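*Asks:* Here is a sequence together with a model predicted from it:
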Amino acid sequence: MQSQDVAPRPAPSGSGSGSPGSVIDVEQAEAALVEHYPRLVRLAYLVLPPSLSRGRRVLTAHALTQRALPRGRTAAPVIPAQSTGARDGDAGYAYVRLRVLRTALEAGLPLRRRAWPRRAQLPPMLPQVWGLRLFPRSGGADELALDQRLSALSAPARAGYALRGLERLSDADVRRVLGEAGVEGPEAALAEADTVPAQYALLDSPEFDPCSLQARPTDLMRRRQHLKAALAASAALAVCGVLLGLPGDGWGPDGPAAPSYAQNPSARAALEPSRLIKVPPAAWKSSARTDFSVWPARGALTGDTELLHRALAVWARPGASVKVSATPATASGGPAGPPQLLYAGEIDTARVVIFYDGLRLARYAEPRDGQEGAALDFARMDGATDAEANAVLLNRTDGNVRYLMAPWVTEAGERDLMKPGSGAMELTVTDGVSAPMASPATRSGTCTSWNVLQVTTPTGTRLASDLGELVPARLTTGRPGQVHDAAGAEALRTWSPYACSLGAVAGQGVRAVNAWNYAEQPLPEASGTASWVCTRAETWRGGGQRVLAQFRTPGSAYGAVAAKGQNVSACGARDPQVLAGVLWKSQTGSWYLLAAGGRDTASIATTGGVKATAQGNVLAVRAEAGAKAGLKGTLEDGRTIEALR
C-alpha cells in the first residue's frame, strides 16, 4: 500500500521524464535531494510568502526541503525534470521538487478557524538557531527590485516564475507542475508571473540563496528579558508543582527528616516500615552465609512503626539538624529497596535503629526524650564474612561503647591489648546487646591502654578494635597471605608495643589491621636485638591502605614509626616485601643508620649522605646525626624494592 501523502496523481504524457509505471524509493529520492539540495532550497525560499522575515524564510525553506523524502517506494510523477542541471529522466528529482513546491505553497495559505493547520503552516521545529539571525547575503539594486516585485505576486505566480527561471521549464511543463502541486488555475498564475520582467539570471544571485548566509545576533536586551521571565515562570511552576504534590495522608510524622516532595512508588515502598526485611532468629544456623544478611531483628522496638518510619525517612532525607557521617567512599543516599532491620530499641539515653541494605550499615539514633540532635551514620560492609560481621556499634557514650553481637557469638570479653599477659574480662551480652566497655577511639592524652573486643564463635576466637566506626576492625598477625587472628599468646605479644598506632587509622573505613614482625636485628655495640614490625590497615573500599614500618628496641614499651606509606602494595598479600630504615643513637652517643627488609631480602644498599652495602636483610652502619640517606633492597630473585618513606 502506498503512503497517501507521497503519491502524486499521474499527469498526461508529454515531453517529460519518467513513465506512468515507474516507481522511486527512498534511496533514489535521497540521492536526488542531496545532489540538488541548494537548488531545491532556493526554490522553496522564492515561493514562501514574503510576510515571513528573511530569517524565518531561510529556516522554513531548509525544513520543507529536508521533509521532502518519501516514506517508502512510491509511484513517480510523469513530470519533467529541469532541462539543465539535472540529468534527463531523473524521476527522483522531479518527485522531491514537487514535494518542496507543494509544501511551500501550503505554507502561504491562511489559517482557518475550524480546521487544523497543515504542517507546513507551522513554524519548523528543526532546524533551529538560538541567539542568531540568519539571512542571505544582500544583492545589488536589480536583485532588490526583483525581490520587491516577486513579493507583490501570489504564491502560485512566484512558483511559476521560479520554475521558469530556475528550472528552465516551458510554460506547458510549468502548468503541469503547478497542477500537480495543487494550484487551481495554473494559466492565471503564469499570466500574473508575466507582469514581472523575465530577469531569470538574477535568481542565481546570493540575494536568493538560503545556503549562503550571514549571521547577526538577535536583540540582546530583549533576549535577556525573555530569559529572566522564563526563569521566573519556571520557578513559579516548580512551586505550584510542589504544592500540588504534597501528600495529604502520610505514614505519620517524619521527625527530623527533610520535607518530601517525591511520590515515586519504588521510593515510597523502600521507606514503608511494613516492608522491612526481618530475618527469623534461627536462619543463620542453616544458612551457607554467615554475615549481616542472616542477622535476626532484635530489640524491644522492632514493632514501633513510628520510630521505624522516622528512621527510614531520615535515611532518605536527612534534615538540616541531623548529624550525618559516613566512612570514606560510602554512599549516604537512601535505600534502593526495603532494607533489612537488625535492631530497634533503647540504649542508655537514646533510641537506636540499625539497618542493612546488602552494601551498607545505616545507624539512626535519636534522644530518648525528643528528636533534636538525631544522628545518621553509614559504613560500607560489602563482602563481609563471619570474621568481620561479629559486632555492630549500638551506642557510644562517656568513653564507653556498646555492641550488638552476631547471633553466633558464644562469648564476649574485653582485653587490654597493651597487656598481653592479662586475661580478658567477661562482657555480659543480653539479647545480643553487650555491656558497656571502654573505648580507646575517643580518648585523648597519653596512650597507656588499648581495650579491644574479644569474641568467641564456633570458628574461633578473634580480636577487634574500635576505631570510631560502626564495625570494629579485625586484628590479625602473620606474614601477608598467611595471616591469622590475633588471639594467641604470641600474637598478643606482637601487637602489644604497637597497639597505640591503631589511632593513626581511626575513621578511615578500616576492615582489618595486620601486624607482621618481619625482621629481628642485632644492634651495634651489643645493645640487644631490635624488632621491625609492619602494620597494614586494609579498608572496606579496597583502596586507601595505610602501612607503617615500626622499630622497637629492647626494653621499649612502644614501637617508633620509622616509615609509612599510603595506597601502596608493600607489606600486603600482593607484595609482602617491605624495607625501612631509621637513625638510632647508642648508649655511647654514636649514631647509626639501621635498616631491615623481609626474609626474602638478599642485600641492602644506601645512597645519599651514607654509602654502605650489606648482605642479608639487615644493615647497620655508622652515620652522622641528622644524616639523610636513601635505601634500596635486592631480593633473592633479583628484583629491587624501594624503602617506605
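*Replies:* Looks like it arrived, so ask away.
*Asks:* contacts, neighbours, all on C-alpha from now
*Replies:* Noted.
*Asks:* I'd say Ala512 and Leu467 touch.
*Replies:* No. Using CA atoms under 8 Å, Ala512 makes no contact with Leu467, being 10.6 Å away.
*Asks:* and for the two, which residues touch both?
*Replies:* Ala473 (CA atoms under 8 Å, 6 or more residues apart in numbering).
*Asks:* With neighbour numbers in mind, choose between the two.
*Replies:* Leu467 (22 against 19; other CA atoms under 10 Å).
*Asks:* Test for you: state the pLDDT assigned to the more buried one.
*Replies:* At Leu467, the pLDDT value in this model is 95.
*Asks:* Distance of it relative to Leu502?
*Replies:* In this view, Leu467 and Leu502 are 8 Å apart by CA to CA, to the nearest Å.
*Asks:* can you check Arg368 too?
*Replies:* When Arg368 is compared with Leu502 (using CA to CA), they lie 33 Å apart.
*Asks:* Neighbour count: those two, which is higher?
*Replies:* Leu502 (19 against 14).
*Asks:* So that one belongs to a strand, correct?
*Replies:* No. According to DSSP: H, G, I helix; E, B strand; the rest coil, Leu502 belongs to no strand; its state is helix.
*Asks:* Any regions of the stretch 101-250 of the chain where pLDDT drops low?
*Replies:* For the stretch 101-250 of the chain, the stretches with pLDDT under 70 are 112-117, 120-121, 123, 125-126, 128, 130-133, 135, 138-139, 215-230, 232-250.
*Asks:* and the longest strand for this protein?
*Replies:* strand 510-522 (DSSP state E).
*Asks:* what helices or strands is that one leaning on?
*Replies:* strand 473-477, helix 489-495, strand 529-539, strand 591-597 (3 or more CA pairs under 8 Å, 6 or more residues apart in numbering; DSSP states H and E).
*Asks:* if you set the cut-off to 7 Å instead, what comes out?
*Replies:* Here strand 510-522 touches strand 473-477, strand 529-539, going by 3 or more CA pairs under 7 Å, 6 or more residues apart in numbering; DSSP states H and E.
*Asks:* okay, the ones you listed, which one's buried deepest?
*Replies:* strand 473-477 (a mean of 25; mean count of other CA atoms under 10 Å).
*Asks:* how about it as CSV, C-alpha atoms only?
*Replies:* C-alpha atoms of strand 473-477 as CSV (Å, rounded to 0.1, in the frame of the first residue of the first chain):
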residue,chain,number,x,y,z
ALA,A,473,38.3,-3.5,62.8
ARG,A,474,39.6,-7.1,62.9
LEU,A,475,43.1,-7.6,64.3
THR,A,476,45.4,-10.2,62.7
THR,A,477,49.1,-11.1,62.7
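*Asks:* For stretch 395-409, which residues meet the burial criterion?
*Replies:* Neighbour-count burial for stretch 395-409, counted by 16 or more other CA atoms under 10 Å, picks out 395-396, 401-409.
*Asks:* How far off centre is stretch 193-202?
*Replies:* Relative to the chain's own centre, stretch 193-202 is displaced by 63 Å; criterion: CA atoms, centre = their mean, to the nearest Å.
*Asks:* brain fart, stretch 199-216
*Replies:* Going by CA atoms, centre = their mean, where stretch 199-216 is centred and where its chain is centred differ by 49 Å.
*Asks:* Surely Tyr558 is in contact with Ser496?
*Replies:* No. Using CA atoms under 7 Å, Tyr558 is not in contact with Ser496; the gap is 8.1 Å.
*Asks:* which other residues reach stretch 268-278?
*Replies:* Contacts to stretch 268-278, defined as CA atoms under 7 Å, 6 or more residues apart in numbering, come from residues 296-297, 305, 308-309, 312-313, 335-341.
*Asks:* got the residues you listed as CSV, with pLDDT and neighbour count columns?
*Replies:* Listed next are these as CSV, based on pLDDT from 0 to 100; neighbours: other CA atoms under 10 Å:
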residue, pLDDT, neighbour count
Pro296, 97, 22
Ala297, 97, 20
Thr305, 95, 15
Leu308, 96, 25
His309, 94, 20
Leu312, 94, 27
Ala313, 92, 25
Pro335, 88, 20
Ala336, 84, 13
Gly337, 87, 16
Pro338, 92, 22
Pro339, 95, 25
Gln340, 97, 23
Leu341, 98, 24
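*Asks:* Closest one of those residues to Glu520?
*Replies:* Proximity of the contacts of stretch 268-278 to Glu520 (CA to CA) peaks at Pro296, which lies at 47.2 Å.
*Asks:* which ones are touching that closest one?
*Replies:* So Pro296 contacts 278-281, 342 (CA under 7 Å, 6+ apart).
*Asks:* most surrounded residue in those residues?
*Replies:* Most surrounded of the contacts of Pro296: other CA under 10 Å gives Leu342, at 26 neighbours.
*Asks:* where does the stretch 401-550 of the chain have low pLDDT?
*Replies:* Checking the stretch 401-550 of the chain against pLDDT under 70 turns up nothing.
*Asks:* Could you rerun that using 90?
*Replies:* Along the stretch 401-550 of the chain, segments meeting pLDDT under 90 span 423, 441-447, 487, 542-544.
*Asks:* What strand or helix carries Glu143?
*Replies:* Here Glu143, judged by DSSP states H and E, is contained in helix 141-151.
*Asks:* separation between the nearest residue to Asn451 once chain neighbours are set aside and Ala464?
*Replies:* Nearest non-adjacent residue to Asn451, counting by CA to CA, 6 or more residues apart in numbering: Asp416, 4.3 Å away. Per CA to CA, Asp416 is found 11 Å from Ala464.
*Asks:* so what sits against both of the two?
*Replies:* The contact sets of Asp416 and Ala464 overlap at Val452 (CA under 7 Å, 6+ apart).
*Asks:* Tell me which of these two has more neighbours.
*Replies:* With neighbours defined as other CA under 10 Å, Asp416 and Ala464 compare such that Ala464 has more, 26 against 21.
*Asks:* Pairing partners for the longest strand of the chain, with directions?
*Replies:* Strand 510-522 has its sheet partners listed here by DSSP bridges as strand 473-477 (parallel), strand 529-539 (antiparallel).
*Asks:* Which residues does the first one contact?
*Replies:* I take that to be strand 473-477. By CA under 7 Å, 6+ apart, strand 473-477 touches 388, 463-467, 483-486, 491, 510-516.
*Asks:* Now do whichever helix or strand comes after that strand: distance to the chain's middle.
*Replies:* With elements assigned by DSSP H and E, the helix or strand that comes after strand 473-477 is strand 484-485. Here strand 484-485 is found 38 Å from its chain centre; the criterion is CA atoms, centre = their mean.
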